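Chemist: Give the three-dimensional model of this entry:
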Amino acid sequence: MTRVLCYRNFSGLPFVVSAPPNSCEAAADKALDLIAKRGGRVVWRLAELPLRAIRLLREREILPVRSISFPGKRGFKYLAASPDGGSWLLVNEVEHATFGRILPGAPSPGEFEREYRSPEEGPGRSPWSWTPAFGYLASDPSRIGPGLTVELIVHLPGLALSRQLPHARNYLQAVGAVFLPIRSHSPHSATPGAAEAGLFRLASRGGLGKSAREVYVALLEAVEPVLRLEYEARNRCRERHPERLEARVRQSLRNLIGPGPLAYADLLSAGSLARLGAGLGFLAPQIPVILEELRVTAGSGHLSVSSGRELSQEEEDFTRSNVVRSYLDEHGGEIH
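Modeler: As a prediction, this is how the structure comes out:
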């Protein structure tokens, strides 16, 4: 999927990283007034949400992976989300306002331009902090210009199996893109290594002088060689060791539907092989979509929220196993 984050700061107010609490409160009041005028969104004060709900929002790609808390300012952080969770507005999360949107897959540049909507503004880009020379201003220099970051979540099992992930990381860093593995948000779950999960976040960084479309196109062009190498690596794995690879793939699916506890790291590693198997024709093509849904709904935050309380590690792993097994059983006709 593709996540689009649009960063805006109100003119006349300092950035959150250097602002006193009263300025953060003023920015929050402005943002809440903007939300009220738009309507149709549910608003939460983040400080009032339990930690399990915060983890759920991170698993849904709504809250940032690494939240930053500044002394005396936590009470002015808000989240306003659409009913389907496909778009949202974060208030005072590093910038005064961060508009987010999830797009399925990797849309073409034309589709991206039709789907992406810049935040409403008046003449002279009001009420946002903007200059003709540098565009939208932000606390992070990489956001100056269009005030935009585009992220792609991709699956790279071929590069993981062929041990080429360091080359991909070095290349993307050289062209100015971000390369991060997808990790667990559970407080007691082992964090899988990149080679085990195969899931990565590739993000744009910088864009001074570029439009939103140009930022997106530049990211697609940077990522294209990595995806091409991924497909080549998958094909080599299949050509060299087809029987061994198919046996590993089918065992990974058995691990997911088997009895006993299931740690999130094991869900990601087994799911990575099953997704690869579907892409190579060993398993049903619908499996990646099913496993992507489980990657989110079987996360720590989702399980704790659905249970109504924090779960111990043992409870979480058994609950996850039941959720995954039940969901795969419901979709048995699509898997077999």
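
Chemist: those helices in this structure, which residues are they?
Modeler: 21-38, 51-59, 109-115, 157-161, 165-174, 194-197, 212-240, 242-257, 264-279, 287-297, 300-307, 313-330, 332-335 (DSSP state H).

Chemist: nearest to residue 1, of those?
Modeler: Between residue 1 and the helices of the chain, the shortest separation by CB to CB is 8.2 Å, and it involves helix 287-297. C-beta: built from backbone N, CA, C; applies to glycine.

Chemist: ok, the residue nearest the centre of the chain - contacts?
Modeler: By CA atoms, centre = their mean, the chain has its centre lying nearest to residue 61, at 4.0 Å. Contacts were defined as CB atoms under 8 Å, 6 or more residues apart in numbering; by that measure residue 61 touches 1, 3, 102, 153.

Chemist: ditto for residue 105
Modeler: Contacts of residue 105 by CB under 8 Å, 6+ apart are 1-2.

Chemist: for the one 4 residues further on, same thing?
Modeler: For residue 109, the contacting residues are 213, 216-217, 220, taking CB under 8 Å, 6+ apart as the criterion.

Chemist: please redo it, this time with the cut-off set to 10 Å
Modeler: 213-214, 216-217, 220 (CB atoms under 10 Å, 6 or more residues apart in numbering).

Chemist: one step back: dump the helices of the chain to JSON lines, plus distance to residue 8.
Modeler: As requested, these are exported to JSON lines (distance: least, CB to CB, whole Å):
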{"stretch": "helix 21-38", "distance to residue 8": "9"}
{"stretch": "helix 51-59", "distance to residue 8": "20"}
{"stretch": "helix 109-115", "distance to residue 8": "19"}
{"stretch": "helix 157-161", "distance to residue 8": "36"}
{"stretch": "helix 165-174", "distance to residue 8": "27"}
{"stretch": "helix 194-197", "distance to residue 8": "33"}
{"stretch": "helix 212-240", "distance to residue 8": "13"}
{"stretch": "helix 242-257", "distance to residue 8": "42"}
{"stretch": "helix 264-279", "distance to residue 8": "34"}
{"stretch": "helix 287-297", "distance to residue 8": "27"}
{"stretch": "helix 300-307", "distance to residue 8": "27"}
{"stretch": "helix 313-330", "distance to residue 8": "37"}
{"stretch": "helix 332-335", "distance to residue 8": "42"}
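
Chemist: Include distance to residue 45 and mean pLDDT when you put these into a markdown table, please.
Modeler: Below are the helices of the chain laid out as a markdown table (distance: least, CB to CB, whole Å; pLDDT from 0 to 100):
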| stretch | distance to residue 45 | mean pLDDT |
| --- | --- | --- |
| helix 21-38 | 9 | 92 |
| helix 51-59 | 12 | 91 |
| helix 109-115 | 30 | 93 |
| helix 157-161 | 40 | 91 |
| helix 165-174 | 37 | 93 |
| helix 194-197 | 33 | 61 |
| helix 212-240 | 30 | 94 |
| helix 242-257 | 38 | 91 |
| helix 264-279 | 28 | 91 |
| helix 287-297 | 24 | 92 |
| helix 300-307 | 17 | 94 |
| helix 313-330 | 27 | 93 |
| helix 332-335 | 41 | 62 |
